[in-house]
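Engineer: from the sequence below, what's the structure:
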Amino acid sequence: MKKIVIASLILALPLVAMSKKVHYYEEATQACPAFNNMKHTTNTNGVKLEIGKEYRVVEQKKGQILTIIEGERVAQRWVDESCFKPQTLGSQIVNGLNKKSSTTKVTSKQNLLAISWQNAFCQTHQYKKECKNMSRKDFGASNFVLHGLWPQPRNNQYCKVGKKEIGMDKNKQWHRLSRLDLDSDTRTKLSKLMPGYHSNLHRHEWIKHGTCYGTNADVYYDDSMSLLTQVNESKVQEFFAKNIGQKISLKELRKVFDKEFGKGAGEHVTMNCKSGLITELWLHIGSGSDRLEKLLQEGETPKSRCFKGKVDAVGY
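Structural biologist: Predicted structure coming up:
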């Protein structure tokens, strides 16, 4: 009996090992047959999906989904897309394809975009890899950088993440977290716009927050960087750069946001400070658009933790 079980496991393992990286889960809405091949000519053991059960999606191709049927000797099975919930299929990236899908993307309704003033962050975190050799030539010396995009409310975290990964994340063992499936363009931009990338901040942010956003990691970071870039290409960045070494107030900052992103936009922006330095801006935004102007108008109106602080210069 043991030999039979071991042999079955050995036969099943290569099938899983050869599969491409799993990106998300889908809930079955029909008891569709799960075939061994795309031509639907073979269905070992007559396997069918269970309605209401979530299945891992490995690949999406030609109107079909390749999923994993746990416990089956032939674990990878092909089923029609129509067997799953329609609202999210097509809005995901599968294996780097269909990045600009025409399907409406469904993301968390309220989000918080946290952007850092890297000079102040490094002043208070000098031990970080990204801070040890920071110079005036660095992007973060005069621009905002990405901390994260956090679905709200704040307890909306670690969506469908296993206990092992949660444990590693909470213990700040970020280097042990799974490598994210990002395309080369996203990875290159992220290493620039998120200096913490070099300390594996991107893995932490994805595990804790991004998994609740509603897309996969590549789209999550493309959206995050797009919003950050809109701030850096506005008068907000210019206002900070011109006031390096000076103190500014939240009231002044909110006026700049109002001029750049529409009346009332500033009410959705808060400042974080440490040791008198402005370390971060928090932008409370809605969803359903890629324009920061519109997103700010739909965000929450929170209370700020800081009302006045210094715009730090690079160096210690």
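
Engineer: L149 pairs with what?
Structural biologist: On the basis of DSSP bridges, L149 is bridged to L113.

Engineer: low-scoring pLDDT stretches of this protein, where are they?
Structural biologist: 1-25, 85-106 (pLDDT under 70).

Engineer: that's a helix at Y221, yeah?
Structural biologist: Yes: counting by DSSP: H, G, I helix; E, B strand; the rest coil, Y221 is found in a helix.

Engineer: what ranges does this protein have for its strands?
Structural biologist: With strands called from DSSP state E, the chain shows them at 24-27, 54-61, 64-68, 76-80, 111-117, 144-151, 247-249, 269-274, 277-285, 308-310.

Engineer: out of those, which is closest to S135?
Structural biologist: Among the strands of the chain, strand 144-151 comes nearest to S135, with 14.6 Å by Cβ to Cβ. C-betas here are computed from N, CA, C, even on glycine.

Engineer: next, the angle from that closest one to strand 277-285.
Structural biologist: 40 degrees (axes from the mean of the first three to the mean of the last three Cα atoms, to 10 degrees).

Engineer: which residues are in contact with strand 144-151?
Structural biologist: Strand 144-151 is contacted from outside by 107-108, 110-118, 139, 190, 193-196, 201, 205, 209-210, 212-214, 220, 223-225, 227-228, 231-232, 236-237, 240, 280-281, using Cβ atoms under 8 Å, 6 or more residues apart in numbering.

Engineer: give the buried subset of the residues you listed as a ChimeraX selection command.
Structural biologist: Burial among the contacts of strand 144-151 is assessed by 16 or more other Cβ atoms under 10 Å; the matching ChimeraX selection reads:
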select :107,108,110,111,112,113,114,115,116,117,118,190,193,194,195,196,201,205,209,210,212,213,214,220,223,224,225,227,228,231,232,236,237,240,280,281
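
Engineer: report the contact partners of G299.
Structural biologist: Going by Cβ under 8 Å, 6+ apart, G299 touches 110-111, 268, 283-286.

Engineer: want to throw those residues into TSV with distance to E59?
Structural biologist: Formatted as TSV, the contacts of G299 follow (distance: Cβ to Cβ, whole Å):
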residue	distance to E59
Q110	32
N111	29
H268	39
L283	36
H284	37
I285	33
G286	33
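
Engineer: who wins on neighbours among those residues?
Structural biologist: Among those, N111 has the most neighbours (other Cβ atoms under 10 Å), with 27 neighbours.

Engineer: roughly how far apart are that one and T279?
Structural biologist: Relative to T279, N111 is positioned 20 Å away (Cβ to Cβ, to the nearest Å).

Engineer: same deal with D290?
Structural biologist: D290 is 27 Å from T279, where distance means Cβ to Cβ.

Engineer: the more surrounded of those two?
Structural biologist: Each of D290 and T279 has its neighbours counted (other Cβ under 10 Å); T279 has more, 23 against 12.

Engineer: for the stretch 101-250 of the chain, what spans make up the helices?
Structural biologist: Secondary structure of the stretch 101-250 of the chain (DSSP state H, counting those that start in this stretch): helices at 118-124, 129-132, 163-170, 184-193, 201-208, 217-232, 235-242, 250-261.

Engineer: so which of those helices is nearest T41?
Structural biologist: Closest approach to T41 among the helices of the stretch 101-250 of the chain (Cβ to Cβ): helix 217-232, 33.7 Å.

Engineer: lovely, talk soon.
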